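**Student:** fold the following and give me the result.
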Amino acid sequence: MYVDILFLFYSYLTLVFTIAYLFFGTINYVEERARALLDQAAWNLNPIRFLIMDLSLCLGVDLSAAEAFVRIQRILASKGVSFILCGFTADSTVGRALTSVDLFASENVELFASMNEAMECEFFSFSMSRVIICRLTFFGADRDGECLFESLVFIPKIRI
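**Tutor:** Below is the predicted model:
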């Protein structure tokens, strides 16, 4: 079951890595690629649920690029796609630029310090939405008396 959920998670995931400085000339390509992912033909072939953008190698973002991130966020929100940004902090130059256009005020935008944190958190939330969690409690007795054993059981949700 874990492998099935992992495979399903990766089929709904798109990773974007950016390098150098993002400005009006370079952000257009990023925005076009985001639009292409959500084009109806591409969406029917491979719908995504998460767009993770790693900005750890990005040196900075100008105002036009920051506004393009807002446009990308709106496009993603219209399809119910989470926009996850990682590789920087809110008080870095990239973070301040994106904060200036209120990008982080949106519901579908999340910020993580690293790609690992982003993947771990999103995988956990995705996998929990695909299973029903049951808490099983077993009572038993050992030599000293009663003991209690609890376990979480993950049962896959079945589509009907």
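**Student:** so residue 21 bridges to which residues?
**Tutor:** On the basis of DSSP bridges, residue 21 is bridged to residue 60.
**Student:** residues near it, how many?
**Tutor:** A count of neighbours around residue 21, defined by other CB atoms under 10 Å, yields 15. All C-beta atoms are positioned from the backbone trio N, CA, C, and that covers glycine.
**Student:** likewise for residue 57?
**Tutor:** Around residue 57 there are 10 residues (other CB under 10 Å).
**Student:** how near is it to residue 49?
**Tutor:** Residue 57 is 25 Å from residue 49, where distance means CB to CB, to the nearest Å.
**Student:** same thing with residue 77?
**Tutor:** 12 Å.
**Student:** so what's the backbone phi/psi at residue 77?
**Tutor:** When read as degrees, to the nearest 10, the backbone of residue 77 gives phi -60, psi -30.
**Student:** what sits closest to it if chain neighbours are left out?
**Tutor:** residue 108 (4.9 Å; CB to CB, 6 or more residues apart in numbering).
**Student:** same thing with residue 56?
**Tutor:** residue 87 (2.9 Å).
**Student:** relative to residue 32, how far out is that neighbour?
**Tutor:** 22 Å.
**Student:** can I assume the residue nearest to residue 56 is in contact with residue 52?
**Tutor:** No: Residue 87 is beyond contact range of residue 52, at 9.8 Å (criterion: CB atoms under 8 Å).
**Student:** find residues that contact each of those two.
**Tutor:** residue 115 (CB atoms under 8 Å, 6 or more residues apart in numbering).
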